[in-house]
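In: Make a model of this:
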Amino acid sequence: MIQAADIREWRSYDVVDPDGHKIGTLEAVYVNTRTDEPAMATVLIGLPTRHRLVFVPLDGAVVGPTYVKVDYAKALAKESPSIGTDDVLPAEDEEPLFRHYGLPYEPGTKGERQLARR
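Out: Modelled structure (predicted):
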């Protein structure tokens, strides 16, 4: 299990897919609001003048000395819902994000968000 205390160290790590292909650079980590465990990473991709942040799930991720290896292919990650580099994920975009990766979306009993940026 990835320790939440370690996530501050991951900023600027390369995020790679199962085959070792670089997806981009880790920008931030979103935690599951119920468990406070790392759930998604935002990954900086694109050309220097056209950066954007895509979301990649961290379930099954392995952290190395300078990288985070995720269980999702680069192509799938690059097609993920994205936000601008200064934006935050709108609440209404959480469910489509989970659906993109075939993951269950479970908001709180009163509709609370499932993700929070750490």
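
In: could you point out which element follows the longest strand belonging to the chain?
Out: Longest strand in the chain by number of residues (criterion: DSSP state E): strand 22-32. Using DSSP states H and E, the next helix or strand after strand 22-32 towards the C-terminus is strand 38-45.

In: packing partners for the next helix-or-strand element following that next one?
Out: Sequence-wise, the next helix or strand downstream of strand 38-45 (DSSP H and E) is strand 52-57. Counting contacts by 3 or more Cβ pairs under 8 Å, 6 or more residues apart in numbering; DSSP states H and E, strand 52-57 is packed against strand 22-32, strand 38-45, helix 74-78, strand 82-83. For the C-beta atoms, the positions are set from N, CA and C on the backbone; glycine is no exception.

In: ok, Gly102 - how many residues close by?
Out: 9 (other Cβ atoms under 10 Å).

In: Arg117 too?
Out: Arg117 has 12 neighbouring residues, counting by other Cβ under 10 Å.

In: just checking, it touches Phe55?
Out: No. Contact criterion Cβ atoms under 8 Å: Arg117 and Phe55 do not qualify, at 11.1 Å.

In: which neighbours do these two share?
Out: Tyr30, Leu89 (Cβ atoms under 8 Å, 6 or more residues apart in numbering).

In: Provide the contact partners of the helix ranked longest in the chain at residue level.
Out: Longest helix of the chain, by residue count under DSSP state H: helix 94-100. Helix 94-100 is contacted from outside by 40, 55, 76, 79-81, 89, 104-105, 107, 113-115, using Cβ under 8 Å, 6+ apart.

In: Contacts for the next helix-or-strand element following that helix next, please.
Out: Sequence order places strand 115-117 as the next helix or strand after helix 94-100, per DSSP H and E. With contact meaning Cβ under 8 Å, 6+ apart, strand 115-117 is reached by Ala28, Val29, Tyr30, Val31, Asn32, Thr33, Ala39, Met40, Val88, Leu89, Glu94.
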